[in-house]
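A.B. asks: Whatever this is, show me its structure:
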Amino acid sequence: MKKLFVSLVTLAAVGALGFGATRAFFSDTETSTGNTFQAGGLDLKVDSECHYFQNNEAIGCDGFGTWGEADLVPGIHKFFNFTDIKPGDYGEDTLSLHVVGNDAWGRLVIGDFQDSDNTCPEPEEEAEGEPCGTEGELGENLLVSVWLDQGISVGFGGKPSPQGGDAGEGDNIRQTQEPFLIAETTLDQLPSTIDLTQELADYRQSISATCDFYDPDGDGQTGGPGYCQGLATDGRLVGSVTYYFAIAWELPASVGNEVQTDSVGFDLAFEVEQTRNNPTPFEI
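C.D. replies: Below you'll find the model as predicted:
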């Protein structure tokens, strides 16, 4: 009996071992590796080309107003830094905006406007008919205008290249069809904010008959150089598109001694915000 019991125990153990060694259930494993969340980017670059004319001759801008694509450094990058303008002088600055990373809403904010009389030479007092005060007269006499320097064809297809382009784009000269963002006015009458988004949207709407053909979905991307590139129906600045804007100024020859030694100063700030999930940009 004892031998029989031992044999049975041994048999059971061997049987259990055999069952464990031969099991084969259906199975499957699905593995996802390297999962990541990464925030997108939004960066604005600005470049500038300055022009200055005396006696209708281009003399250039000495040490300011012209630089390549860059992040602006306050006090270093100045579009305008004229210290001795006279009646009859005029100039223009063509600047370009490059939105890197994503589409963006955009605006230009003009701040810290100062119109100063500075010193008061005798000819200025005689011209004004009264003693000089603290507020100058240059701002009310200096003419300015702002336009979209898009060139001959509508939109921003890029300057001439083997792939195409527009010879008039960013050329510092206003073509007849280039729209004004600010029609000629005096410097002191400029708005504190130019809503680039609204301006671009309004312009796109005004030429919808053309752009709806080249850009039917209205996203401002026409697949390369061509009509309506960068002109989205909602006015966004389309990433990777270079937008050219021109700012022209003139101190008319008819202006007299009332502006002697006067000066105006102001800040220009270009601001962008993401378009996605942001239907009301720049609201606090």
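
A.B. asks: count of residues packed around Pro179?
C.D. replies: 16 (other C-beta atoms under 10 Å). From N, CA and C alone the C-beta is placed, and that goes for glycine too.

A.B. asks: could you give the mean pLDDT of stretch 54-65?
C.D. replies: Across stretch 54-65, pLDDT averages out at 94.

A.B. asks: Name the nearest residue to the residue nearest to the spatial centre of the chain, ignoring sequence neighbours.
C.D. replies: Centroid-nearest residue in the chain: Leu97, 3.8 Å away (criterion: C-alpha atoms, centre = their mean). Using C-beta to C-beta, 6 or more residues apart in numbering and skipping the chain neighbours, the partner closest in space to Leu97 is Tyr243 (4.6 Å).

A.B. asks: Tell me how many other residues surround that neighbour.
C.D. replies: Around Tyr243 there are 21 other residues, counting by other C-beta under 10 Å.

A.B. asks: Confirm it sits in a helix?
C.D. replies: No: secondary structure of Tyr243 (DSSP: H, G, I helix; E, B strand; the rest coil): strand, not part of a helix.

A.B. asks: Could you list which residues are in contact with it?
C.D. replies: Neighbouring residues of Tyr243 by C-beta atoms under 8 Å, 6 or more residues apart in numbering: 96-98, 148, 156, 230, 237.

A.B. asks: quick one: which of those has the most company?
C.D. replies: Greatest neighbour count in those, by other C-beta under 10 Å, goes to Phe156: 27 neighbours.

A.B. asks: Quick check, that residue in contact with Glu178.
C.D. replies: No: contact criterion C-beta atoms under 8 Å: Phe156 and Glu178 do not qualify, at 11.6 Å.

A.B. asks: Find residues that contact each of these two.
C.D. replies: Joint contacts of Phe156 and Glu178 (C-beta under 8 Å, 6+ apart) are Gln150.

A.B. asks: Ignoring the adjacent residues along the chain, who's closest to His51?
C.D. replies: In space, His51 is closest to Glu92, 4.8 Å off (C-beta to C-beta, 6+ apart).

A.B. asks: how far is the helix or strand hosting the one you found from where the chain is centred?
C.D. replies: Assigned by DSSP states H and E, Glu92 falls within strand 90-100. Relative to its parent chain, strand 90-100 has a centroid offset of 9 Å by C-alpha atoms, centre = their mean, to the nearest Å.
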